[in-house]
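Novice: Need coordinates for the below:
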Amino acid sequence: MNQQPPKSSARLDLTKGKTSIADKIMPVLLFLCASVSVLTTIGIVYTLLSETISFFRIVPIQEFFGSLKWSPLINPKSFGIWPLLSGTMLITIIAIIVAVPIGLASAIYLSEYASRRVRKIVKPILEVLAGVPTIVYGYFALTFITPIVRSIFPDTGVFNALSAGIVVGIMIIPMISSLSEDAMSAVPDSLRNGAYALGATRFEVATKIVVPAALSGIIASFVLAFSRAIGETMIVTVAAGSTPNLTANPLESIQTMTAYIVQVSMGDIPHGSVEYGTIFAVGMTLFVITLVLNMLAQYVSKRFREEY
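Specialist: Numbers count the residues shown, from 1 in each chain. Here you go, the predicted structure:
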């Protein structure tokens, strides 16, 4: 008499077959998805490098980093990167001065003072700032912040670094606040309770226990915010102007590296010309700066990480 295999055994074999097929296909699909990011990065680096090398075959690298004047579009032409670099740094420094105290204070409040109900309301509202289009920030700087600045400093131009820097700082506050608050929330409650048991106040616990314990994450948020401010485009294009000045005066019009790239990209510059090559030379400089900052953020996170 023939015996049929149990139905449960047949279903088990079918399930194993499906699982085996999924185990073979999914790693390939996941590898292809991961490869997209890697290949995109390689493509970007290759494009920047090839065009930058072509540019430096015409313009000496000594002039690019040695000249103090930037005027590649008008005669007499000059290709010194320092006016664009100083304008970018000026905007970034102003933004960091605005964002670091407010962002860190917000993180301390959300982590140590706010109730769970308040945190659920305030944190999403704060993070809404990160979703506002940067072009909106640009016109906010031009139509709201600039008149206030000009009422305080009458000699300020319509386009100036101070207004743009302040609004860039407002834009990166959620980045500092969110990342710092996450780092503080990861600090074990046992450290807080031990400090309270010794008679520490809530402010002392926050500043002397929690912040030092979360220092790696906090510093990393500062560095990433610095990198984000350097790469900002639309705010500085709208509010800071397009005058490549080598100046430290925030009340003057300046031009950043990203704003220059936008200016040339929207113009009638012929492909393959020296003026066209400046886009990639400036972009490569910006790429190297942000790459170094991101590597610095990773080093700081590993160097000052606390294990609990």
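Novice: Test my guess that residue 65 contacts residue 84.
Specialist: No - taking contacts as CB atoms under 8 Å, residue 65 lies outside contact range of residue 84: 11.8 Å. In short, each C-beta sits where N, CA and C put it, glycine included.
Novice: Just the helices from the stretch 201-308 of the chain, written as ranges.
Specialist: Per DSSP state H, counting those that start in this stretch, the stretch 201-308 of the chain carries helices over the ranges 202-205, 211-213, 215-230, 234-239, 257-265, 274-303.
Novice: Of residue 65 and residue 84, which one has the most company?
Specialist: residue 84 (25 against 13; other CB atoms under 10 Å).
Novice: Counting neighbours, what do you get for the residue nearest to the more buried one when sequence neighbours are not counted?
Specialist: What sits nearest to residue 84 in space, not counting adjacent residues and going by CB to CB, 6 or more residues apart in numbering, is residue 257, at 4.8 Å. One way to gauge burial is a neighbour count; for residue 257, by other CB under 10 Å, it gives 23.
Novice: ok, now which ones touch the residue most central in space within the chain?
Specialist: In the chain, the C-alpha closest to the average C-alpha coordinate belongs to residue 228, at a distance of 2.0 Å (CA atoms, centre = their mean). The contact partners of residue 228, by CB atoms under 8 Å, 6 or more residues apart in numbering, come to 172, 175.
Novice: Strands of the protein, start to end?
Specialist: With DSSP state E as the criterion, the chain has strands at 70-71, 78-79.
Novice: so which of those comes closest to residue 233?
Specialist: Comparing these against residue 233 with CB to CB, the closest turns out to be strand 70-71 (17.6 Å).
Novice: elements contacting the closest one?
Specialist: strand 78-79, helix 82-108 (3 or more CB pairs under 8 Å, 6 or more residues apart in numbering; DSSP states H and E).
Novice: coming back round to it: take the strands of the chain and lay them out in a markdown table including mean neighbour count.
Specialist: What follows is those, written out as a markdown table (neighbours: other CB atoms under 10 Å):
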| stretch | mean neighbour count |
| --- | --- |
| strand 70-71 | 20 |
| strand 78-79 | 20 |
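Novice: Would you mind saying which of these lies nearest residue 150?
Specialist: strand 70-71 (26.3 Å).
Novice: Show the contacting residues for the residue nearest to residue 73 when sequence neighbours are not counted.
Specialist: On the basis of CB to CB, 6+ apart, the spatially nearest residue to residue 73 that is not a chain neighbour turns out to be residue 275, at 5.9 Å. Residue 275 sits next to 72, 73, 264, 269 when contact means CB under 8 Å, 6+ apart.
Novice: pLDDT (mean, whole number) over the helix ranked longest in the chain?
Specialist: With residue count as the measure and DSSP state H as the assignment, the chain has helix 7-58 as its longest helix. Per-residue pLDDT over helix 7-58 has a mean of 77.
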